[in-house]
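Asker: quick one: sequence and predicted model below, then my questions.
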Amino acid sequence: MDPVTRVRDYLLDNVGHMTHPGNASFDPATQRWFVPIYCRAERGAVVVGDVELDREGHIVFAPSRDEMLM
């Protein structure tokens, strides 16, 4: 599955509609995808964390909702 789509689904299910994924980047050294998480704010989108996925698109790490709200 596409990493951005996977993160979008994760965010909608676990965080809410105020967040959305950015563009994915692949790190060949670690074989991981990194997708920034943006939060909608009055002044524009702000990065509040990153989701890490393996090559197959499985989420390896995602910050908790509380971590993103800090």
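Answerer: Now that the structure is in, tell me what you want to look at.
Asker: in the chain, which spans are helices?
Answerer: 3-14, 65-69 (DSSP state H).
Asker: possible to save those as TSV with distance to Asp27 and mean neighbour count?
Answerer: To be clear about C-beta, it is placed using only N, CA and C from the backbone, and glycine gets the same treatment. As requested, the helices of the chain are exported to TSV (distance: least, C-beta to C-beta, whole Å; neighbours: other C-beta atoms under 10 Å):
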stretch	distance to Asp27	mean neighbour count
helix 3-14	12	17
helix 65-69	21	12
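Asker: TSV for those, including distance to Ala41?
Answerer: Formatted as TSV, those follow (distance: least, C-beta to C-beta, whole Å):
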stretch	distance to Ala41
helix 3-14	15
helix 65-69	12
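Asker: hey, least reliable of the ones you listed by pLDDT?
Answerer: Here the lowest mean pLDDT among the helices of the chain goes to helix 65-69, at a mean of 80.
Asker: chain center to that helix: distance?
Answerer: Remark: helix 65-69 is offset 12 Å from the chain centroid, using C-alpha atoms, centre = their mean, to the nearest Å.
Asker: likewise stretch 13-28?
Answerer: 3 Å.
Asker: and for stretch 23-33?
Answerer: Distance, centroid of stretch 23-33 to centroid of chain: 13 Å (C-alpha atoms, centre = their mean).
Asker: just the terminal-to-terminal distance for it.
Answerer: Terminal residues of stretch 23-33 are spaced 10 Å apart (C-alpha to C-alpha, to the nearest Å).
Asker: list the buried ones in that stretch?
Answerer: For stretch 23-33, burial by neighbour count (16 or more other C-beta atoms under 10 Å) applies to 24, 32-33.
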